[in-house]
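Trainee: Output the structure for:
(one chain, ligands or ions: 1)
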Amino acid sequence: MKLKNLPWIPFAFFAIAIGLYPLVYYFTDMHGKGLWSSKTKELLENVVWHTAFYIHITFGGIALLTGWTQFSKNLRNRYLNTHRTIGKIYVGSVMLSSIAGFYIALFATGGIACTLGFGTLAVIWFYTIMRAYTSILKRDIKQHENWMIRNYALTFAAVTLRIYMPLLQFGVFHGDFLPGYRIISWLSWVPNLLIAELIIRKRVQTLVPSPVK
Ligand code: HEM
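Mentor: Now for the predicted structure:
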């Protein structure tokens with residue numbers, strides 16, 4: 001394996017590990033556990049919220065599991081049809097998960113700060129996938145790649161959230177969940193988006209030949 005490919009290992013590991021995490025909600029009774037312990041009985045029994053929650057976590061998981069494979073140049077060059085098929089699954093998953101995510105954000109634990117943080121993320125997640133999809137329909141490959149980098153950086157918020165959360169909760173707030181969760185509803189994705197912009201800039205610089213002196 002080439003040295004430059006090494007960062008792919010943690011990248012793929014976290015995408016797969018967190019992408020599979022929603023299965024917990026299928027195979028264990030989550031009532032009174034984790035995030036659900038902060039929800040009222042009425043909300044947990046609300047059919048619309050319950051359905052939106054499962055749509056969100058199921059398709060969010062699929063997006064996380066499939067998305068990272070799409071950045072491999074090798075796969076794109078050798079198996080273009082596979083790239084297209086996985087791409088369509090990814091786009092559909094992000095659309096469904098973001099719409100459902102926006103709805104459940106209205107009832108987020110942590111109140112208005114989390115509703116705004118996760119709600120804004122859901123809107124930008126949806127917007128960037130639309131831009132990525134419409135640019136490939138216009139055969140604008142560079143813009144398609146750029147919007148997909150932004151979009152997957154947002155999908156990756158599910159990973160960064162779960163890395164930062166214990167650090168804030170136990171490292172900073174002495175076990176208190178809510179203050180960290182309010183910060184995380186923004187911190188999980190704003191830096192990701194900034195890193196995506198840096199990656200895009202770097203790519204533009206390497207694509208544009210430097211002027212001849
Ligand atoms: C990137 C856009 C995303 C947005 C806007 C978003 C939004 C939300 C919101 C609002 C909640 C409920 C929070 C609450 O009620 O306090 C939530 C929970 C959850 N989300 Fe997402 N999410 C996103 C990405 C993902 C992805 C990619 C996955 C895939 C693993 C995912 C999996 C989950 C799970 C499993 C929960 C339940 C909470 C837990 O047990 O940790 N989300 N999300």
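Trainee: Spatially nearest residue to the closest residue to the ligand within the chain, not counting backbone neighbours?
Mentor: Using Cβ to the nearest ligand atom, the closest approach of the chain to the ligand is made by Gly60 at 2.8 Å. Using the backbone N, CA and C atoms, a C-beta is placed for each residue, glycine as well. For Gly60, ignoring the flanking residues on the chain, the nearest one in space by Cβ to Cβ, 6 or more residues apart in numbering is Ser97 at 4.1 Å.
Trainee: Could you check which helix or strand contains the one you found?
Mentor: Assessed by DSSP states H and E, Ser97 sits inside helix 80-105.
Trainee: which of the residues in that helix are buried?
Mentor: Using 16 or more other Cβ atoms under 10 Å as the test for burial, helix 80-105 gives 83, 86-87, 89-91, 93-105.
Trainee: Within range of the ligand, give me the residues from this structure.
Mentor: Residues of the chain lying near the ligand by Cβ under 6 Å from any ligand atom: 18-19, 21-22, 34-35, 56-57, 60-61, 63-64, 101, 104-105, 107-109, 114, 118, 121-122, 125, 154-155, 157-158.
Trainee: Can you list the low-confidence ranges for the protein?
Mentor: 1, 207-213 (pLDDT under 70).
Trainee: all helices for it, in order.
Mentor: With helices called from DSSP state H, the chain shows them at 8-20, 23-27, 41-45, 47-67, 73-78, 80-105, 112-137, 141-155, 157-166, 177-187, 190-207.
Trainee: In a markdown table: those helices, plus distance to Lys2.
Mentor: Below are these laid out as a markdown table (distance: least, Cβ to Cβ, whole Å):
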| stretch | distance to Lys2 |
| --- | --- |
| helix 8-20 | 10 |
| helix 23-27 | 33 |
| helix 41-45 | 49 |
| helix 47-67 | 22 |
| helix 73-78 | 12 |
| helix 80-105 | 21 |
| helix 112-137 | 27 |
| helix 141-155 | 21 |
| helix 157-166 | 24 |
| helix 177-187 | 32 |
| helix 190-207 | 17 |
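Trainee: mind listing what the residue nearest the centre of the chain touches?
Mentor: Ranked by distance to the mean C-alpha position of the chain (Cα atoms, centre = their mean), the top residue is Thr155 at 1.2 Å. Thr155 sits next to 60, 63-64, 67, 94, 125 when contact means Cβ atoms under 8 Å, 6 or more residues apart in numbering.
Trainee: try 10 Å
Mentor: 15, 18-19, 60, 63-64, 66-68, 90, 93-94, 97-98, 125, 128-129, 148, 189, 192 (Cβ atoms under 10 Å, 6 or more residues apart in numbering).
Trainee: ok so, going back, off-centre distance for the helix holding Ser97?
Mentor: 10 Å (Cα atoms, centre = their mean, to the nearest Å).
Trainee: For it, name the packing helices and strands.
Mentor: helix 47-67, helix 73-78, helix 112-137, helix 141-155 (3 or more Cβ pairs under 10 Å, 6 or more residues apart in numbering; DSSP states H and E).
Trainee: got the buried residues for the first one?
Mentor: Read it as helix 47-67. So, applying 16+ other Cβ under 10 Å, buried residues of helix 47-67: 49, 52-53, 55-67.
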